[in-house]
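Enquirer: give the three-dimensional model of this entry:
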Amino acid sequence: MQRFEGKTVLVTGASSGIGCATASRLALEGARIIAVARERVRLEQAAAEWSHPERHLVMNFDAGSEEAVELATAELRAKSGPLDAAVLCAGRHGLRPLQVAKSIHMDEMIAANIKSTLLCTKAFARCSNPGGGAVVWFSSAAALIGNPGEVLYAAAKGALISACRAVAVELAARRIRVNVVAPGVVETPMSGAWLGRLTPEQKEAIRARHLLGFGSPDDIAGVAAFLASDDARWITGTCLVADGGLTCH
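Expert: Residues are numbered from 1 along each chain as shown. Got it, this is the predicted structure:
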């Protein structure tokens with residue numbers, strides 16, 4: 001399929017994991033990628049592996065910083081044509097029980113997951129194609145079920161599900177669709193970091209709760225590509241759960 005031929009798509013968190021897999025999938029379908037991550041070297045290495053690497057633009061900034069996003073928005077207007085879609089994968093996981101959580105931990109989780117998403121959506125709206133576009137956010141199955149130690153993460157990801165509906169209403173007049181994906185555990189460097197802190201028995205127990213096992217980044221990239229494409233042109237303000245059956249029981 002070449003659903004994104006001639007289209008420009010902003011992808012944050014594009015240097016690894018779901019963001020990198022999504023950028024690769026979109027590039028394979030013809031998109032020009034505006035790739036964003038904080039680590040430039042790793043981002044450039046990733047972008048060099050995508051289809052038609054000469055097409056893509058690499059931008060190195062912190063998506064959770066309002067100043068950085070404002071500067072990047074001005075740069076985008078100068079260097080790129082209108083954006084047709086945005087897949088906002090930048091985010092952060094954390095395990096910390098409420099009793100040991102401090103205000104700084106709350107602020108970090110909000111900045112990494114909520115602020116980065118809302119700031120980049122605002123930037124996309126300023127740079128979007130006048131004919132409309134699509135924005136894909138990332139929540140988590142952790143927002144839909146209760147897991148010990150994930151209170152801050154679940155709160156931040158749950159907020160995105162609620163905010164998605166409000167932003168979808170706000171941007172509907174401009175023909176911009178906004179949807180959110182809620183994945184289960186996907187095998188990425190980020191999930192590997194916290195799964196690595198568990199015993200083999202604890203890790204296997206989490207895997208067993210996923211009826212189809214843990215997911216791969218490509219599993220979620222396909223979902224994101226669908227929501228960003230014209231195949232989903234009548235879908236907005238919804239949460240698509242892609243969790244291998246985790247929330248079925």
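Enquirer: C-alpha from now on. contacts and neighbour counts both.
Expert: Noted.
Enquirer: who are the neighbours in contact with residue 226?
Expert: residue 232 (Cα atoms under 8 Å, 6 or more residues apart in numbering).
Enquirer: need the next SSE after the helix or strand it falls within, C-terminal direction.
Expert: Per DSSP states H and E, residue 226 falls inside helix 217-228. Per DSSP H and E, the first helix or strand lying C-terminal to helix 217-228 is strand 239-242.
Enquirer: in the helix or strand containing residue 41, what's buried?
Expert: Element membership of residue 41, judged by DSSP H and E, is helix 40-47. Neighbour-count burial for helix 40-47 flags 40, 43-44, 46-47 (criterion: 16 or more other Cα atoms under 10 Å).
Enquirer: could you give the mean pLDDT of that helix?
Expert: Mean pLDDT, computed over helix 40-47, is 96.
Enquirer: I'd like the distance from it to the chain centre, please.
Expert: The chain centre lies 17 Å from the centre of helix 40-47; the measure is Cα atoms, centre = their mean, to the nearest Å.
Enquirer: all the helices of the protein, residue numbers only.
Expert: Along the chain, the stretches classed as helices by DSSP state H are 17-28, 40-47, 66-79, 103-109, 116-127, 151-171, 189-195, 200-209, 217-228.
Enquirer: the residue most distant from the middle of this protein, which is it?
Expert: What lies farthest from the middle of the chain is residue 201; by Cα atoms, centre = their mean that is 29.5 Å.
Enquirer: before we move on, the earlier item: what residues of the helix holding residue 226 count as buried?
Expert: Those would be 217-221, 223-228, for helix 217-228 by 16+ other Cα under 10 Å.
Enquirer: same check on stretch 117-131?
Expert: 117-125, 127-129.
Enquirer: closest to residue 158 among these?
Expert: The closest of these to residue 158 turns out to be residue 117 (Cα to Cα; 12.8 Å).
Enquirer: follow-up on the earlier one: reformat the buried residues of helix 40-47 as CSV; add distance to residue 134.
Expert: Shown next, in CSV, are the buried residues of helix 40-47 (distance: Cα to Cα, whole Å):
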residue, distance to residue 134
40, 26
43, 23
44, 25
46, 24
47, 22
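Enquirer: between the helices of the chain, which one is nearest to residue 245?
Expert: When the helices of the chain are compared by Cα to Cα, helix 200-209 sits nearest residue 245, at 7.8 Å.
Enquirer: could you check the pLDDT of residue 191?
Expert: In this model, residue 191 carries a pLDDT of 84.
Enquirer: residues touching the closest residue in space to it that isn't next to it in sequence, list them.
Expert: Counting by Cα to Cα, 6 or more residues apart in numbering, residue 185 is the residue found nearest to residue 191 once chain neighbours are left out, at 7.1 Å. Residues near residue 185 by Cα under 8 Å, 6+ apart: 191, 214-215, 243.
Enquirer: residue 217 too?
Expert: 17-18, 21-22, 186-188.
Enquirer: residue 222 too?
Expert: Contacts of residue 222 by Cα under 8 Å, 6+ apart are 22, 25.
Enquirer: distance check, it against residue 212.
Expert: In this structure, residue 222 and residue 212 are 16 Å apart, going by Cα to Cα, to the nearest Å.
Enquirer: one more: residue 168?
Expert: Per Cα to Cα, residue 168 is found 31 Å from residue 212.
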